[in-house]
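Undergrad: Whatever this is, show me its structure:
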Amino acid sequence: MSRFIDVEPLREDILYENDFENHIVNHYLNMIDAVPTADVEPMIHGRWIPVYEGASTCECSACRKVGFKDSDFGFIESNYCPECGAKMGWKEE
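TA: Reported below is the predicted structural model:
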């Protein structure tokens, strides 16, 4: 399983808590710098919104594509948009 993290806060904590001249600290900083990086896209967030008032079909607020609809169960509120991959459940504040 991949886990993407921002290493800058980790580096800052190590440097803040320790003496930069310490060879162990330098060893860990070098280990952090040697870890391969990944080109990660930011997560798109959205929410399901009705196509019109009282509609049983909803569209993604990010891409405006209609989500899944099952003939027996109606609209299926999936956790992600099948079209753009936006993570659903975002609420405006």
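Undergrad: Let me see the domain layout of the chain.
TA: Per the record, the chain has its domains at 1-40, 42-93, by automatic domain parsing.
Undergrad: winner for burial among these?
TA: domain 42-93 (a mean of 13; mean count of other CB atoms under 10 Å). To be clear about C-beta, it is placed using only N, CA and C from the backbone, and glycine gets the same treatment.
Undergrad: what's the nearest residue to Glu59 once chain neighbours are set aside in contact with, if anything?
TA: Among residues not flanking Glu59 along the chain, Val66 sits closest, at 5.1 Å (CB to CB, 6 or more residues apart in numbering). For Val66, the contacting residues are 51, 57-59, by CB atoms under 8 Å, 6 or more residues apart in numbering.
Undergrad: hang on, the earlier thing: in a markdown table: the domains of the chain, plus mean pLDDT.
TA: Output for those, formatted as a markdown table (pLDDT from 0 to 100):
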| stretch | mean pLDDT |
| --- | --- |
| domain 1-40 | 80 |
| domain 42-93 | 81 |
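Undergrad: What strand or helix carries the spatially most central residue of the chain?
TA: The centre of the chain sits closest to Met43, judged by CA atoms, centre = their mean, with a distance of 3.6 Å. Assessed by DSSP states H and E, Met43 sits outside every helix and strand.
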